[in-house]
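**Q** I'll drop the sequence and a predicted model, then ask my questions.
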Amino acid sequence: MKHWKNCKQTKMEYEWKPDEQGLQQILQLLKESQSPDTTIQRTVQQKLEQLNQYPDFNNYLIFVLTKLKSEDEPTRSLSGLILKNNVKAHFQNFPNGVTDFIKSECLNNIGDSSPLIRATVGILITTIASKGELQNWPDLLPKLCSLLDSEDYNTCEGAFGALQKICEDSAEILDSDVLDRPLNIMIPKFLQFFKHSSPKIRSHAVACVNQFIISRTQALMLHIDSFIENLFALAGDEEPEVRKNVCRALVMLLEVRMDRLLPHMHNIVEYMLQRTQDQDENVALEACEFWLTLAEQPICKDVLVRHLPKLIPVLVNGMKYSDIDIILLKGDVEEDETIPDSEQDIRPRFHRSRTVAQQHDEDGIEEEDDDDDEIDDDDTISDWNLRKCSAAALDVLANVYRDELLPHILPLLKELLFHHEWVVKESGILVLGAIAEGCMQGMIPYLPELIPHLIQCLSDKKALVRSITCWTLSRYAHWVVSQPPDTYLKPLMTELLKRILDSNKRVQEAACSAFATLEEEACTELVPYLAYILDTLVFAFSKYQHKNLLILYDAIGTLADSVGHHLNKPEYIQMLMPPLIQKWNMLKDEDKDLFPLLECLSSVATALQSGFLPYCEPVYQRCVNLVQKTLAQAMLNNAQPDQYEAPDKDFMIVALDLLSGLAEGLGGNIEQLVARSNILTLMYQCMQDKMPEVRQSSFALLGDLTKACFQHVKPCIADFMPILGTNLNPEFISVCNNATWAIGEISIQMGIEMQPYIPMVLHQLVEIINRPNTPKTLLENTAITIGRLGYVCPQEVAPMLQQFIRPWCTSLRNIRDNEEKDSAFRGICTMISVNPSGVIQDFIFFCDAVASWINPKDDLRDMFCKILHGFKNQVGDENWRRFSDQFPLPLKERLAAFYGV
């Protein structure tokens, strides 16, 4: 390739002329790079990289973009985009002359007559600006702002396009002192253009200002009233893009400046009602976000109540599939089970590491785990659309108004649910599912009629009706399970199992997910039907394509969690294990499908207990290997990051969790396997890993191995305890939780030998139990571990009794009677006998905690009795009467009945 001509520098103007031959070579390359052939593209890439070594190569690129009008637009634009990539990668190495030439060419050509070239120049400008060049290009913003006043439409539009991109990319620096606050000039300037005659310009102007709402930029807040006034003036704009930006602005203002919108709220709501029905779906979607955002504001209930009669029908109407949705979802393809999945259909899964938690007395509804019943019925369409947004808004509003919403919904539902057109009927079923959470109480009288109707819809001839029905039924699973099983549970289960074997993949997926929800609600109610359920799930193994297999693993794991040891029958094991082990043998160690399979096996192993013994050796070995491989790969990557890539640590986390499941399920039977492996050495490394999830899972495994085969753990305790101590950091809730639990399990095994380790952990534990806003699970585990430490080493722990007794009592009063609670309370009683004065001030809390026991073991009950009577005798009858008069009545009665005080 030829050398490029030298650049001549004259007074002010930077004159640069391309060399003809060089120019031809570059044009040739630009043409070739538009070829569909990937080999040609690769060669072009290499040549472009080589050309980057010539200082004025970038001059040629800008020249083709801005000056070479004879070339076709796509080639010119491509030249600009290659230059943009060079700016991103090498801008700091551009010679000054080149940089100046590019900047001046950009500003001179921002008004090119071609929209494509204008947009390319705009992208190039904002890329240079975001490379920290806003400071080094002081005339950029003033120049662009002055170009806005140009008589020439192209110049004004090009400058605005560039400014909009700069506002999107550099909002923060524009609103800082670095640049002398240009927004004070820019924002009033943008506001003037809201009334411009060109729709494109109006749209740019609103979009520019919108960048500064959420950050409550001072310059905008000063002009907030004029901004809102101008928005209202654009309310009826004929250009969809303008209406969309107006809606977007109002949604953001709702979060940021509700005070300014309140006086106009009635009109805004009326306007948003119109826009939610806009002919342009993008406008309707932006407007629909308004209801979602408003529902999160405390004033929602009062503001919207008079508009509900109009709003609810609009949202319900938005929940129908559009014609385009149906085409995209292949709504007319009823059978597709034999068509393999394309890999990009399969979303990445995230493994949730093991957390050790206590069982509670409440009704078994966990408050933290409500993240899996999102309205997730059609993930192949562009993820967020009017249908989903309308359904989400209805769901949130149902939670705001509860049963007050029903008078507006029930008349519509009657019409929809029995409609002859499937699209309408389908939307009614979605409505019914969307209101399930908020309006459950008010829906109960209608469910005896609706649930059988829905169960019938499970065999509708349209696949999209069958799939949404699965989801809606899962939203009512809690109620179904609360009724006599033969009434609804049995027919629902029978039909859902048929849908798991549907010939349509979308229905299979919906049915599998719904069945997992039903399993969680029904738990052991499913035991009588186990053979039938397993039959179906195992048959699905042979039938499913890739994506649904992953959901099937989850349904099997949830089943094992729900029925527990009832699964441990030879005939069930014979059905379930062969297909699981067959998949296990097929998958390579690098295959991410191992995650759901290992999670599933972990649940199955815990449920089967000794029933898993015949399968445990190869499973155990492979898990240890996965941990070892990952650690080795991580060490190589640490030593030579450029040569070895970082491993995916999820493999190790899932393997540690399955080992925990094995230890929990097999108990002492795992001893032989541990003896023959180096798992403790590996665990020692995992416990010190940078990644919190790895530590979290390794502490869970440490606790489970401590329970299962302490003889192998004990020699390592001196190494493990200091690590456990440093991980009692509540910043990482789950790591801290599992470390705390493991310390408790270790102390029970160690007994008095725990003494030297108490100083490493006690202060942190007492600090955690007294911390405000600590999650319930962590408080409970901390209390149990403090109790256990006090049980084995009362002399060391009792002196601190006064510092933790009160939060200790309040956090353990709600957990079920179990071994952990038992050892913790023995500990507290022992400590009270060593240091009785430590409990005096908070004795009422101790009484309340004692009363939370349903049936303590006899010797524990005696300990309680001794302490209660000891206290009563010490203060005398009169004082005791005064003291116990503060008790709530149930507490008084329980203590009298159980302990005679």
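**A** Looks like it came in fine. These numbers come from a predicted model, not from an experiment.

**Q** Determine the longest helix present in the protein.
**A** Longest helix in the chain by number of residues, with DSSP state H as the criterion: helix 613-639.

**Q** and it, what other elements does it pack with?
**A** Based on contacts counted as 3 or more Cβ pairs under 8 Å, 6 or more residues apart in numbering; DSSP states H and E, the elements that helix 613-639 packs against are helix 570-586, helix 594-608, helix 650-666, helix 671-675, helix 679-686. Where C-beta positions appear, they are placed from N, C-alpha and C, glycine not excepted.

**Q** Could you list the buried residues of the shortest one?
**A** Spelled out, it's helix 671-675. Taking 16 or more other Cβ atoms under 10 Å as the basis for neighbour counts, the residues of helix 671-675 that come out buried are Glu671, Leu673, Val674.

**Q** repeat for the third one
**A** Buried residues in helix 650-666, counted by 16+ other Cβ under 10 Å: 650-666.

**Q** where do the strands sit along this protein?
**A** Listed from the start of the chain, the chain has strands (DSSP state E) covering 8-9, 14-15.

**Q** Now do the longest helix of the chain: distance to the chain's middle.
**A** For helix 613-639, the distance between its averaged C-alpha position and the chain's averaged C-alpha position is 28 Å (Cα atoms, centre = their mean, to the nearest Å).

**Q** If you average the pLDDT over it, what comes out?
**A** Throughout helix 613-639, pLDDT has a mean value of 95.

**Q** go on, stretch 291-305?
**A** For stretch 291-305, mean pLDDT rounds to 91.

**Q** same deal with stretch 863-874?
**A** The predicted model assigns stretch 863-874 a mean pLDDT of 93.

**Q** Determine the number of other residues adjacent to Asn440.
**A** One correction, residue 440 is Met, not Asn. Neighbour count of Met440, defined by other Cβ atoms under 10 Å: 17.

**Q** and what of Lys165?
**A** The local packing of Lys165 (other Cβ under 10 Å) involves 21 other residues.

**Q** Give me the pLDDT value at the closest residue to Phe193 other than its chain neighbours.
**A** Computed as Cβ to Cβ, 6 or more residues apart in numbering, the closest residue to Phe193 that is not its neighbour in sequence is Ala205, at 3.8 Å. If you check Ala205, the pLDDT there is 93.

**Q** mind listing the helices for the stretch 1-150 of the chain?
**A** Secondary structure of the stretch 1-150 of the chain, counting by DSSP state H, counting those that start in this stretch: helices at 20-32, 38-51, 57-66, 73-90, 96-108, 115-128, 134-136, 140-147.

**Q** Turn those into JSON lines, columns for mean neighbour count, distance to Ala522 and mean pLDDT.
**A** Listed next are those as JSON lines, based on neighbours: other Cβ atoms under 10 Å; distance: least, Cβ to Cβ, whole Å; pLDDT from 0 to 100:
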{"stretch": "helix 20-32", "mean neighbour count": "15", "distance to Ala522": "63", "mean pLDDT": "78"}
{"stretch": "helix 38-51", "mean neighbour count": "13", "distance to Ala522": "53", "mean pLDDT": "80"}
{"stretch": "helix 57-66", "mean neighbour count": "24", "distance to Ala522": "65", "mean pLDDT": "77"}
{"stretch": "helix 73-90", "mean neighbour count": "18", "distance to Ala522": "55", "mean pLDDT": "81"}
{"stretch": "helix 96-108", "mean neighbour count": "18", "distance to Ala522": "66", "mean pLDDT": "80"}
{"stretch": "helix 115-128", "mean neighbour count": "22", "distance to Ala522": "56", "mean pLDDT": "87"}
{"stretch": "helix 134-136", "mean neighbour count": "14", "distance to Ala522": "61", "mean pLDDT": "73"}
{"stretch": "helix 140-147", "mean neighbour count": "17", "distance to Ala522": "64", "mean pLDDT": "86"}
